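Asks: quick one: sequence plus predicted model below, questions after.
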Amino acid sequence: MTKYRSRHKREIDKYIREVLSGRKVAGELERAAVQRHVNDLASGNKRGIYHDSAAADRVIDFMQLQKHTTGEFDGRPFMLFPYQKFIIWNLFGWRRRDDGLRRFRRCYYSVGRGNGKSPTAALLMLTLACCDQPPEPRAELVLAATERRQTKYVADEIARMIARQPALKKRFEIYKDRIVYPRSGTYIEQLGKEAKSKDGMNLHGFVADELHEWREEHRPVLDKLQTSMGKRRQPLEILITTAGSDQSVVWLDIYDDACKVARGVYENDRWFVFIAQMDDGDDPFDEHVWGKANPNLDVSVKRDYLRGLANEARHNPGKLNQFLRYHMNVRVRSLVKAIDPGLWAECQVDLPDLAGRECCAGLDLGWRDDLASLTLCFPLGTQEFPLFAWRSWSWICEETDKRDLTQPPWANWIRSGHLIVTEGNTTDPQAIYAKIAQLRKEYTIRTLALDPNNARATGIHLANDMGMQVFEFFQTTRKYNEPLQTLMTLIKNGQFVHDGDPVLTWAADNLVLKTDAAGLAMPDKLKSSDKIDPMVAGLMALSECLFVDRSSGGYKTNPFRTL
């Protein structure tokens, strides 16, 4: 009997040798995945597992018959990279000796953004639908994510692959929310949050896409998907993601376990883990390490693109967090110290005469034992080289339990006039109104933004009694992210100036950011080391400068104006 000769083993063996010898740039966890496979080849027989090269070859061949459907590779066959073949070699090659079924029931797959996770998910779903061995009658397959938009992206990729391959096009039927393989009664379905209320599923496989975005509220969905697989012979759970933050609670639980399995802390023959990420201690600005998180570097991930992102990240903590998380694939803290004190100091200048200049205002009101701050943002410079200047004023109530106003730095700020004390134990709005009235005589204040929470009466007074254009600025990442990122860029490029106001400078040093699952950032008052009100007011004022409709003297509507 002729011994089977694999069509892909030589290439995979070469990949294994290069990873373990260091000739290929690979992170610690990618090396661990490779070493685990090598160890299993040596000891797996004792644990009742074996590797079937023919089964793995069949799946690799099937995947390489499909075609790319987007971008520069549109229409070309999927020629899997060696690391991708290694993943398929493991997932579909390792078998249980007692029944010949697939060994792995969970795949945790994590690489940096742009390395083809969604096309990989599409190929895996197609394989489970019509190329799995042994075939699974009436296989139910699910694409799951926190938003339908993400599941649709993968579903559309599958549909396009089917349309490009005549043999598949004849066998599949494509509907709005389902892709059906009538020959076996198999279907691929999209599910979002509604999965937690959908009983009776009997899944052969599912993809949980972008796991780092799953929050505690989504945990029941994942539980429902996992517990619906108990009646199938060889179900496969596929978790695909980039790294998360310390707020990605569902991802954190699974990631920690995946790392332990990869490193061999404990043995779990049901899990396959492949994590490509930068190692602890690596310099993210060293191009040599970029391949650790980006195995498609210089193909689908362009080096020039990463260089641009790295350059932006050097002096912008928010951008650095995004670069590390999405492109170096490492966990980051959701809280980021926003401003480099050295760069902030470089922005201090003697401001030019601003009398009569147009500006926009931001007002952050504090009431009991708190600061209240007003910051004006002046657009200076030219269209080719924009320049923005800030001036800031802050108030604090006299009867405060939190601060000893007779001690530095408070006493110094009060003495110099940079901090205004109001009587009583709450901030006096009349003092703020008086200052705004005075400033309106000196400058042309186009609009004023403030947080409507606990400040609606103030907004109505400013709009109705003082005739100002006042607009709501809700405290969300979507409102803050763009002015925040703009400020970081302005500071880095020398396009932002301030007069050295010590309260504003203190607040800039306190400023800490939090990011949401989409990577959008905003100030975090609770986690900042101390008060950040002048900076919050400045960001609201900058947002007004960026988005005010200059042709109409404000926005189309004024939510604070009443009849």
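Replies: Perfect, I can see it now.
Asks: could you pull out the helices for the stretch 251-400 of the chain?
Replies: Counting by DSSP state H, counting those that start in this stretch, residue ranges of the helices within the stretch 251-400 of the chain are 290-293, 303-313, 317-322, 341-346.
Asks: with just CA atoms, put the third one into PDB.
Replies: The reference is to helix 317-322. Output of helix 317-322 as PDB, limited to C-alpha atoms (Å, rounded to 0.1, in the frame of the first residue of the first chain):
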ATOM      1  CA  PRO A 317      -1.300  58.500  24.300                       C
ATOM      2  CA  GLY A 318      -4.700  57.800  22.800                       C
ATOM      3  CA  LYS A 319      -3.300  56.900  19.400                       C
ATOM      4  CA  LEU A 320      -0.600  54.800  21.100                       C
ATOM      5  CA  ASN A 321      -3.300  52.800  22.900                       C
ATOM      6  CA  GLN A 322      -5.000  52.200  19.600                       C
END
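Asks: which strands and helices sit next to it?
Replies: Using 3 or more C-beta pairs under 8 Å, 6 or more residues apart in numbering; DSSP states H and E as the contact criterion, the elements in contact with helix 317-322 are helix 303-313, strand 335-337, helix 477-492, strand 512-515. In this view, the C-beta of every residue, glycine as well, is placed from N, C-alpha and C.
Asks: and among the ones you listed, the most buried is which?
Replies: Using mean count of other C-beta atoms under 10 Å, the stretch among the helices and strands packed on helix 317-322 with the greatest mean number of neighbours is strand 512-515 (a mean of 22).
Asks: list the contacts of that strand.
Replies: Contact with strand 512-515 is made by 245, 247, 317-318, 321-322, 334-338, 477, 484, 521-524, 527-529, 532, as judged by C-beta atoms under 8 Å, 6 or more residues apart in numbering.
Asks: out of those, which end up buried?
Replies: Those of these that meet the buried threshold are 245, 247, 317-318, 321-322, 334-338, 477, 484, 521-524, 528, 532, by 16 or more other C-beta atoms under 10 Å.
Asks: indicate which one of the helices of the stretch 251-400 of the chain is closest to residue 28.
Replies: Ranking the helices of the stretch 251-400 of the chain by distance to residue 28, with C-beta to C-beta as the measure, places helix 290-293 first at 8.6 Å.
Asks: for residue 2, give me the pLDDT.
Replies: According to the per-residue confidence, residue 2 scores 63 in pLDDT.
Asks: still on that earlier bit, closest to residue 9 out of the helices and strands packed on helix 317-322?
Replies: helix 303-313 (30.8 Å).
Asks: which strands or helices does the closest one pack on?
Replies: By contact count (3+ C-beta pairs under 8 Å, 6+ apart), the secondary structure elements abutting helix 303-313 are helix 317-322.
Asks: from the chain's centroid, how far away is the helix it packs on?
Replies: When C-alpha coordinates are averaged (C-alpha atoms, centre = their mean, to the nearest Å), helix 317-322 and its chain have centres 10 Å apart.
Asks: again with stretch 108-128
Replies: Between the centre of stretch 108-128 and the centre of its host chain there is 18 Å, according to C-alpha atoms, centre = their mean.
Asks: straight-line length of it, end to end?
Replies: End-to-end distance of stretch 108-128 (C-alpha to C-alpha, to the nearest Å): 16 Å.
Asks: rewinding a little: redo the helices of the stretch 251-400 of the chain as TSV? Include mean pLDDT and distance to residue 216.
Replies: Below are the helices of the stretch 251-400 of the chain laid out as TSV (pLDDT from 0 to 100; distance: least, C-beta to C-beta, whole Å):
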stretch	mean pLDDT	distance to residue 216
helix 290-293	98	27
helix 303-313	94	30
helix 317-322	82	22
helix 341-346	90	36
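Asks: distance to residue 231 added to those, as a markdown table?
Replies: Shown next, in a markdown table, are the helices of the stretch 251-400 of the chain (distance: least, C-beta to C-beta, whole Å):
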| stretch | distance to residue 231 |
| --- | --- |
| helix 290-293 | 38 |
| helix 303-313 | 45 |
| helix 317-322 | 42 |
| helix 341-346 | 60 |
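Asks: quick one, which of the ones you listed gets closest to residue 60.
Replies: Nearest to residue 60 among these is helix 290-293; the distance by C-beta to C-beta comes to 22.5 Å.
Asks: what's in contact with the closest one?
Replies: In this structure, residues lying in contact with helix 290-293 by C-beta under 8 Å, 6+ apart are 24-27, 30, 111-112, 276-279, 282, 297, 303, 306, 327-330.
Asks: list buried residues within those.
Replies: 24-27, 30, 111-112, 276-279, 282, 297, 306, 327-330.
Asks: just for the stretch 151-300 of the chain, where's the confidence low?
Replies: Within the stretch 151-300 of the chain, the segments meeting pLDDT under 70 span 192-199.
Asks: 90 - rerun?
Replies: For the stretch 151-300 of the chain, the stretches flagged by pLDDT under 90 are 176-177, 191-201, 215-217, 245-249, 266-267, 281.
Asks: what's near enough to touch residue 26?
Replies: Contacts of residue 26 were listed using C-beta under 8 Å, 6+ apart, and they are 19, 34, 276, 291-292.
Asks: so it: helix, strand or coil?
Replies: Using DSSP: H, G, I helix; E, B strand; the rest coil, the structure places residue 26 in coil.
Asks: what about it, distance to residue 431?
Replies: Taking C-beta to C-beta, to the nearest Å as the criterion, residue 26 is separated from residue 431 by 62 Å.
Asks: and what of residue 232?
Replies: 70 Å.
Asks: please enumerate the helices of the stretch 451-563 of the chain.
Replies: In the stretch 451-563 of the chain, helices defined by DSSP H, counting those that start in this stretch lie at 456-460, 477-492, 502-510, 533-547, listed in chain order.
Asks: hmm, I typed the wrong one, I wanted the stretch 101-250 of the chain.
Replies: In order along the chain, the stretch 101-250 of the chain carries the following helices (DSSP H, counting those that start in this stretch): 117-130, 148-164, 166-169, 219-227, 249-263.
Asks: could you say which of these is packed most deeply?
Replies: Among the helices of the stretch 101-250 of the chain, judged by mean count of other C-beta under 10 Å, the one packed with the most neighbours on average is helix 117-130 (a mean of 23).
Asks: what's that one in contact with?
Replies: Outside helix 117-130, the residues within contact range by C-beta under 8 Å, 6+ apart are 59, 62-63, 66, 68, 78, 84, 91-92, 107, 109, 111, 136, 139, 141, 143, 153-154, 157-158, 161-162, 168, 171-172, 179, 181, 183-184, 186, 188, 204-205, 207, 209, 236, 238, 240-242.
Asks: likewise stretch 174-181?
Replies: Identification of contacts with stretch 174-181 by C-beta under 8 Å, 6+ apart yields 129-130, 155, 158-159, 162-163, 171-173, 186-190.
Asks: ok, stretch 419-439 next?
Replies: With C-beta under 8 Å, 6+ apart as the test, stretch 419-439 has contacts from 361, 363, 365-370, 372, 374, 376, 393-400, 405, 410, 413-414, 445, 448, 458, 461-462, 466, 468, 503.
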